[in-house]
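Trainee: Sequence first, predicted coordinates after that:
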Amino acid sequence: MSFSAILGAWIAAFLTLGIFSYLYRDNPFYKIAEHVFVGISAAYVAAISFWTQIYPNLFGRLFPKDGPLAFTGLEFDFNHEFNILYLFPLLLGVMMLISVFQQFNWMARWGIAYTVAIAAGLKAFGYLNSNVLNQVSASAVDLFSGSLPFFYNETTPYSGDTVFNNIVLVVGTLSALMYFYFSKEQTGNFGRFTRLGIYFLMVSFGASFGFAVMGRISLLVGRFNDLIEYSSSDYNYATFSVLLFIIVTLGIWSFQNPEQKGN
Amino acid sequence: MNFLENIILKLGAVDRRVIFVLIGLAVLVPLLTPISLPVRETPTTVKFYDGIENIPKNSKVLVSFDYGPSTRPEIHPMNVGVLRHMLRNGHQIYISCLWPDGIYMALDALEEISNDEDPDNESSFDIKEYEDYILLGYRPGAEAVIKGLASDLRKVYTVDSKGRFIDEIEMMDGINNLNDFAYIYSGSAGYPGTFEWVKYGGDPTGVPMSSGTTSVQVNEVIPYVQTGQLIGLLAGMPGAAEYEKLINSPGIAIQGMAAQSFAHIVIVLFIIFGNLAFFIKQRRDRKY
């Protein structure tokens, strides 16, 4: 096992157990792990965005090899041709950065306005097509033609296309939608129908909660798998050593900083 | 009866740290002493498997690594399985990443399936870069990147992850946009991921696609399966375990399912105790 792999395991074990230590209470180990995570994440994204996007795709097009701006001494060879339009994103980016100076903070609005407009235009079509039109057309299902079995059978093992499922789909969709119709008082038969919609929504929230729990446990399984691996002699018992260190230090720290009531 | 109620009340008011320890043990013990629990394939996973199985042999497929270390336990086993399945069927794999750390996840997955260390292992392959796969790498921009890939891939990727010019790579011949792929797969842990691939990749181009997602996203993604916008879905770690079983390549997801099941039992028990304690307390408060 290489030194870098062992060092990586010790750091990983320390940061994982540092984060877990929050389950006891907020403490310096948790704070260290949290700050390291935030700092490294921000720096990593900034660096990788620069080297994989701005450097080849922006500078590569503004300052290509033997391009018109070669006289500046800047040349980046990425097989691009000079494209003057790329001055605009550069300008908007610089304007957003300059806004750290208070007297120029109006400059950031141009870049933000451009980004918001592009995002709104881009997302409007995507949502309308994929989340509205496709979903609406998929909820127009076959109920009465008689070509479908009422329940699952051997011919429809998992397609879900049965009369019963289609009835549930139609009733569930309509009742849940009607629950959000506020122009009519939800009383009488209409109230009972919208109440059915609440039940469908509650089933959906319950399923979401179940899946969320399952996801968190999966992540815990992943961390424990790593900790078990790092506890071997190959990694010089990283997990045990770090765990012992954190427990002893937290014990001393707890005696010196007793937990206040209500915390 | 009163004695039982008092026990339930005590369980309902137990310190949260005790619950953390119990859940920790419920996960840890099955991992240390592996217990084999049956894994039953769900319809969405079978549909997913069939979707990949139905891609014409030796096709060009796009696999996107849209996750990072934080969600690796859920998505990584799926992506490793998908790579194995696709290589077994002779497909050429083009790997993109919408998440900055996706590139390292892809490198890990490729190392895992490569048979460098164990040539006799049936679950690994003699894969060669620029012949069997190409790692295009990460590009920031989320949906804008997908939209770019749909119109002109070579504008988004001028160089691959190793800095080689795309135009000079033989494997990239004939690949100009998403329409040149037979299939799109995204292993997604959130934004950007499955939703964006469906909206700006699969739907506009009509290229068949599927996805593996974290459990948290399943409820929102599943309507896409019913409409046919996604061909099946791998839903969290259980989805990965089912898929490992279907491709006959048991891995870390199947191992994790016992821990998953025990932890769920503990959580369900505490939910029951918590609710019972709530109702008992409410009844007693009314009485006095």
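Mentor: Cool, got the structure.

Trainee: Extract the C-alpha trace of stretch B:167-183 and format it as CSV.
Mentor: Backbone C-alpha positions of stretch B:167-183 (Å, rounded to 0.1, in the frame of the first residue of the first chain) are rendered in CSV as follows:
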residue,chain,number,x,y,z
ASP,B,167,-11.3,15.8,-34.1
GLU,B,168,-8.2,13.7,-34.0
ILE,B,169,-9.8,10.7,-32.2
GLU,B,170,-10.9,7.9,-34.5
MET,B,171,-13.6,6.7,-32.1
MET,B,172,-15.3,10.1,-32.4
ASP,B,173,-15.7,9.7,-36.2
GLY,B,174,-19.4,10.1,-37.0
ILE,B,175,-20.3,11.5,-33.6
ASN,B,176,-21.6,15.0,-33.9
ASN,B,177,-24.5,15.2,-31.6
LEU,B,178,-26.8,13.1,-29.4
ASN,B,179,-28.7,11.7,-32.4
ASP,B,180,-25.5,9.7,-33.2
PHE,B,181,-25.9,7.6,-30.1
ALA,B,182,-28.1,4.5,-29.9
TYR,B,183,-28.8,5.0,-26.2
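
Trainee: how distant is that stretch from the center of its chain?
Mentor: In terms of C-alpha atoms, centre = their mean, to the nearest Å, the centre of stretch B:167-183 is set 25 Å apart from its chain centre.

Trainee: In terms of residue numbering, what are the domains of chain B?
Mentor: Here the domain assignment for chain B is B:2-33+B:257-287, B:43-250, based on automatic domain parsing.

Trainee: how about those domains, which one is nearest chain A?
Mentor: Among the domains of chain B, the nearest to chain A by C-beta to the nearest C-beta is domain B:43-250 (2.5 Å). To be clear about C-beta, it is placed using only N, CA and C from the backbone, and glycine gets the same treatment.

Trainee: my read is residue B:65 is in a helix, agree?
Mentor: No: assigned with DSSP: H, G, I helix; E, B strand; the rest coil, residue B:65 falls outside any helix and is strand.

Trainee: Longest helix in chain B, by number of residues?
Mentor: helix B:252-287 (DSSP state H).

Trainee: I figured residue B:166 hits residue B:152, correct?
Mentor: No: counting by C-beta atoms under 8 Å, residue B:152 is not a contact partner of residue B:166; they are 11.3 Å apart.

Trainee: Provide a list of residues in contact with residue A:175.
Mentor: With contacts defined as C-beta atoms under 8 Å, 6 or more residues apart in numbering or on different chains, the neighbours of residue A:175 are A:193-194, A:196-197, A:200.

Trainee: From the residues you listed, pick the one nearest residue A:30.
Mentor: Nearest to residue A:30 out of the contacts of residue A:175 is residue A:200 (C-beta to C-beta; 40.2 Å).

Trainee: Which helix or strand contains the residue nearest to the spatial centre of chain B?
Mentor: Computing the C-alpha centroid of chain B and ranking residues by C-alpha atoms, centre = their mean puts residue B:75 first, at 2.9 Å. When secondary structure is defined by DSSP states H and E, residue B:75 falls within helix B:72-88.

Trainee: which is the next helix or strand following that helix?
Mentor: Next along the chain after helix B:72-88, taking DSSP H and E as the criterion, comes strand B:92-97.
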